[in-house]
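Student: predicted model follows, preceded by the sequence.
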Amino acid sequence: MVYSGSVNFVTRMSRMAWNVTTPASFLDGYVYNMTENTTAIIGSCQDLGTNPKYKQSIPIVVLLIVVYGLVILACLCGNGLVCIVVAKNRSMRTVTNYFIANLAVTDLLVGVFCTPITLIDNFQTGWEFGALMCKLLPTVQGIAYGASVFTLVAIAVDRYLAVTAPNDGKLTGMCTFCIILVIWLSAIIIMAPISFATKFDKDDKTCYEYWTFPDGHRLYTLALFVMCYLAPLVAITSLYIRIAVRLYNTSVRSSAHCGAWGTTGAASKLGYKVRVFKMLVVVVVIFTLLHLPLHTVTFLVDYGDLSCDVKESIFKYGYPIAHWLAFVNSCVNPIVYGCMNRNFRKGFASAFRRAGLPCCTLRRMNNLRNTSDKRRRSTNRTTPNAENLEDPAKLKGSPDTGEIELVAVPNDVTRRHNSHRCTGNAEPTVGVVSWISQV
């Protein structure tokens, strides 16, 4: 199917674009075979308009520039901050945080490389970026998208192992980096076909896909949907359901053995696991919802029997909105981390202070969370909390080993409480507490 707009990953999924000589026309067909037997099957949606410079009216173009520009700015600042916090703070260098940093890198790639060009292509007629960008843009954006979703799967696996096998299922630092390497290689392999299928016609300034077999574009659309959206989300959902069931059963058993108070070590570990779990579920839900419109529009264009007017409306307004929603996903994750995780919140505030920037909002969020923490600790002021032990100098061991030895000693009230209510089941307060990655 011939293009004359960009063939970036999100746009190329439609397999259609504006024709540079008749920009409002849509070629509802395919271009096959690169041999002398080449057959071109052209659809009926042609010559629907003139050749304007912009696809939309000027007010719509200005609106697109503003909303896309805000996404680019938020993406660069937020994800750059996540990478800095993980790199600068030793206590943040954990398996889950390495995956989160990798997710931030993919989002930075989208914000720096893909979003600006997609913005221009969404309102400007024709492809003005040359042959190199014609091939490079869809490949890079596809790799970033694939790496993002595969990283979410890796995080789900890491959380599942941390909950179901906290001692035997821990990933080492070397294993984590190997997994990240496999994630990027897998994304590159999956997106390789589009780099070969994308062609550029310099005379017509047309960037298009040229498949050498029938229905190549539709088959690739389906393959991308299954490999980079449906299958990963099914795997993530399955793992998180298992994690939720395990955490619930653990909570029930703890209450049955130890009453409402529970053991100090077990309650602290369980509470932290639940908070991390909730944050990661929010990240996955946001990813699913923000990318769903793009996949929906893509399947409507590729597989639906749509009129020419409907297709024109989709390309003028549907795709710019769907692209924007997909790009919004690249800038919301740091907001989720700051709102739902104390360690990232402190890291963000520290980075702002070093840069001489105000961090009043983060301070207010931190005060609210501290108030909640004080209420949880009001029943036992001397109970150590795994989430609050953030100073490496106060800990024996290393986050990388997965084990940290607490040096706090419980008071007599805690000892009597544990001995009377949890006889035979209490975990020692002084001892080893699993380091559930300080996300």
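Tutor: Looks like it came in fine. These numbers come from a predicted model, not from an experiment.
Student: gap between residue 74 and residue 297?
Tutor: 23 Å (Cβ to Cβ, to the nearest Å). For glycine as for every other residue, the C-beta is placed from the backbone atoms N, C-alpha and C.
Student: more neighbours: the two, which one.
Tutor: The neighbour count for residue 74 versus residue 297, taken as other Cβ atoms under 10 Å, is higher for residue 297 (21 against 18).
Student: what residues does the more buried one make contact with?
Tutor: 14, 314, 318, 319, 322 (Cβ atoms under 8 Å, 6 or more residues apart in numbering).
Student: now do the contacts for the third one.
Tutor: Just to be clear, that refers to residue 318. Counting by Cβ under 8 Å, 6+ apart, the residues that residue 318 touches are residue 297.
Student: residue numbering should commence at 52 henceforth.
Tutor: Yep, numbering from 52; the last one is residue 369 now.
Student: A strand includes it, no?
Tutor: No. Per DSSP: H, G, I helix; E, B strand; the rest coil, residue 369 lies outside any strand segment and is helix.
Student: give me the distance between it and residue 173.
Tutor: 11 Å.
Student: let me see the ranges of the strands in the stretch 152-301 of the chain.
Tutor: Under the criterion DSSP state E, counting those that start in this stretch, strands of the stretch 152-301 of the chain are mapped to 249-252, 257-260.
Student: lowest average pLDDT across the ones you listed?
Tutor: Of all the strands of the stretch 152-301 of the chain, the minimum mean pLDDT falls on strand 257-260 (a mean of 83).
Student: dump it to PDB, restricted to CA.
Tutor: Output of strand 257-260 as PDB, limited to C-alpha atoms (Å, rounded to 0.1, in the frame of the first residue of the first chain):
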ATOM      1  CA  THR A 257       6.500   9.300  -1.100                       C
ATOM      2  CA  CYS A 258       7.400   6.900   1.700                       C
ATOM      3  CA  TYR A 259       5.500   3.700   1.300                       C
ATOM      4  CA  GLU A 260       5.500  -0.100   2.100                       C
END
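Student: any of the contacts of residue 348 buried? List them.
Tutor: 65, 365, 369, 370, 373 (16 or more other Cβ atoms under 10 Å).
Student: tabulate the residues you listed (CSV), appending pLDDT.
Tutor: Shown next, in CSV, are the buried ones among the contacts of residue 348 (pLDDT from 0 to 100):
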residue, pLDDT
65, 39
365, 90
369, 91
370, 91
373, 93
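Student: would you turn the residues you listed into a markdown table with distance to residue 208?
Tutor: Conversion of those to a markdown table gives the following (distance: Cβ to Cβ, whole Å):
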| residue | distance to residue 208 |
| --- | --- |
| 65 | 32 |
| 365 | 37 |
| 369 | 35 |
| 370 | 33 |
| 373 | 29 |
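Student: chain neighbours aside, what residue packs nearest to residue 351?
Tutor: Using Cβ to Cβ, 6 or more residues apart in numbering and skipping the chain neighbours, the partner closest in space to residue 351 is residue 357 (6.6 Å).
Student: count of neighbours near that neighbour?
Tutor: Neighbour tally, residue 357, other Cβ under 10 Å: 16.
Student: hang on, it in a strand?
Tutor: No. Membership of residue 357 in a strand is not supported by three-state DSSP, which gives coil.
Student: hmm, back to that, out of the contacts of residue 348, who's nearest residue 202?
Tutor: residue 373 (22.1 Å; Cβ to Cβ).
Student: that closest one: which element?
Tutor: helix 370-391 (DSSP states H and E).
Student: past that helix, which element shows up next along the chain?
Tutor: By DSSP H and E, the next helix or strand past helix 370-391 is helix 393-405.
Student: ok so, going back, including mean neighbour count and distance to residue 117, could the strands of the stretch 152-301 of the chain go into a markdown table?
Tutor: Formatted as a markdown table, the strands of the stretch 152-301 of the chain follow (neighbours: other Cβ atoms under 10 Å; distance: least, Cβ to Cβ, whole Å):
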| stretch | mean neighbour count | distance to residue 117 |
| --- | --- | --- |
| strand 249-252 | 19 | 30 |
| strand 257-260 | 26 | 26 |
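Student: now do the contacts for residue 342.
Tutor: 280, 376, 377, 380.
Student: quick one, grab the pLDDT at it.
Tutor: For residue 342, pLDDT reads 92.
Student: ok, it to residue 165 distance?
Tutor: 14 Å.
Student: same question for residue 140.
Tutor: Counting by Cβ to Cβ - residue 140 and residue 165 are separated by 29 Å.
Student: between these two, which has more neighbouring residues?
Tutor: Neighbour count, other Cβ under 10 Å: between residue 140 and residue 165, residue 165 has more, with 26 against 19.
Student: that one contacts residue 187, doesn't it?
Tutor: No. Under the criterion of Cβ atoms under 8 Å, residue 165 is not in contact with residue 187, lying 10.3 Å apart.
Student: still on that earlier bit, help me confirm that the residue nearest to residue 351 comes into contact with residue 350.
Tutor: No. The criterion here is Cβ under 8 Å, and residue 357 misses it with residue 350 at 11.2 Å.
Student: ok, residue 336 - how many residues close by?
Tutor: Neighbourhood size, residue 336 [other Cβ under 10 Å]: 11.
Student: actually, residue 284.
Tutor: 18.
Student: for the closest residue to it other than its chain neighbours, the count of nearby residues, please.
Tutor: Closest residue in space to residue 284, ignoring its immediate chain neighbours: residue 339 at 5.9 Å, by Cβ to Cβ, 6+ apart. Residues near residue 339, counting by other Cβ under 10 Å, number 17.
Student: a helix runs through residue 339, doesn't it?
Tutor: Yes. According to three-state DSSP, residue 339 belongs to a helix.
Student: what about it, distance to residue 130?
Tutor: Counting by Cβ to Cβ, the gap from residue 339 to residue 130 is 19 Å.
Student: what segments of the stretch 102-251 of the chain are helices?
Tutor: 109-139, 146-160, 166-174, 181-215, 224-248 (DSSP state H, counting those that start in this stretch).
Student: quick check: buried residues in the longest one?
Tutor: Of the residues in helix 181-215, those with enough neighbours to count as buried (16+ other Cβ under 10 Å) are 184-214.
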